[in-house]
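In: My questions are about this predicted structure, shown below with the sequence.
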Amino acid sequence: MNDAQTYYHGTKADLDVGDLIAPGYTSNYGTRRQAAFVYLSATLEAATWGAELAVGSGRGRIYIVEPTGPIEDDPNLTDKRFPGNPTKSYRSRDPFRVVGEVADWTGHSDEQLRQMHAHLDELRRQGVEAIEE
């Protein structure tokens, strides 16, 4: 990994600079079980989806984060499901430190959100769950 890389985390959690985003909390997605990993992306697009699709009543937020330990490709969006890592999505068992927030980002259209929710609903009906090995 390039140490100068900017990483993002999309969520609805209200966090401050210096806060840690760590595994062990209820997942924002799927069956909402305890998360074994935390996720980040090197693309604002993937973080935007994270902010928009996360559960919760707050507004979507995108934080600039730095890993505190090793990161690995997110198998939900890499070779186990898609070739390569087109979203530059990663995960870690170590926390991420919030170093800033992206204040000005543009969300997806209502139609794009409807399509993504329909796609996720179909995956749930098929029994496809997030990979958390």
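Out: Looks like it came in fine.
In: What sits closest to Lys88 if chain neighbours are left out?
Out: Of all residues not flanking Lys88 in the chain, Ala42 sits nearest, at 3.7 Å (C-beta to C-beta, 6 or more residues apart in numbering). From N, CA and C alone the C-beta is placed, and that goes for glycine too.
In: burial of that neighbour, as a residue count?
Out: 18 (other C-beta atoms under 10 Å).
In: try Gly58
Out: 12.
In: confidence score at it?
Out: As predicted, Gly58 sits at a pLDDT of 84.
In: Verify the stated contact: Pro67 with Leu40.
Out: Yes. Counting by C-beta atoms under 8 Å, Pro67 touches Leu40, with 7.1 Å between them.
In: With neighbour numbers in mind, choose between these two.
Out: The neighbour count for Pro67 versus Leu40, taken as other C-beta under 10 Å, is higher for Leu40 (26 against 19).
In: which residues touch the helix or strand hosting the more buried one?
Out: In the assignment (DSSP states H and E), Leu40 maps to strand 38-41. Strand 38-41 is contacted from outside by 7-10, 21-23, 47, 50, 65, 67, 71, 74, 87-92, 94-96, using C-beta atoms under 8 Å, 6 or more residues apart in numbering.
In: So which of the residues you listed are in strands?
Out: Tyr7, Tyr8, His9, Gly10, Ile21, Val65, Pro67, Ser89, Tyr90, Arg91, Ser92, Phe96 (DSSP state E).
In: Redo those residues as TSV? Include distance to Glu111 and pLDDT.
Out: As requested, those are exported to TSV (distance: C-beta to C-beta, whole Å; pLDDT from 0 to 100):
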residue	distance to Glu111	pLDDT
Tyr7	29	97
Tyr8	24	96
His9	26	95
Gly10	20	93
Ile21	30	93
Val65	30	97
Pro67	34	96
Ser89	23	87
Tyr90	29	90
Arg91	29	91
Ser92	33	94
Phe96	31	95
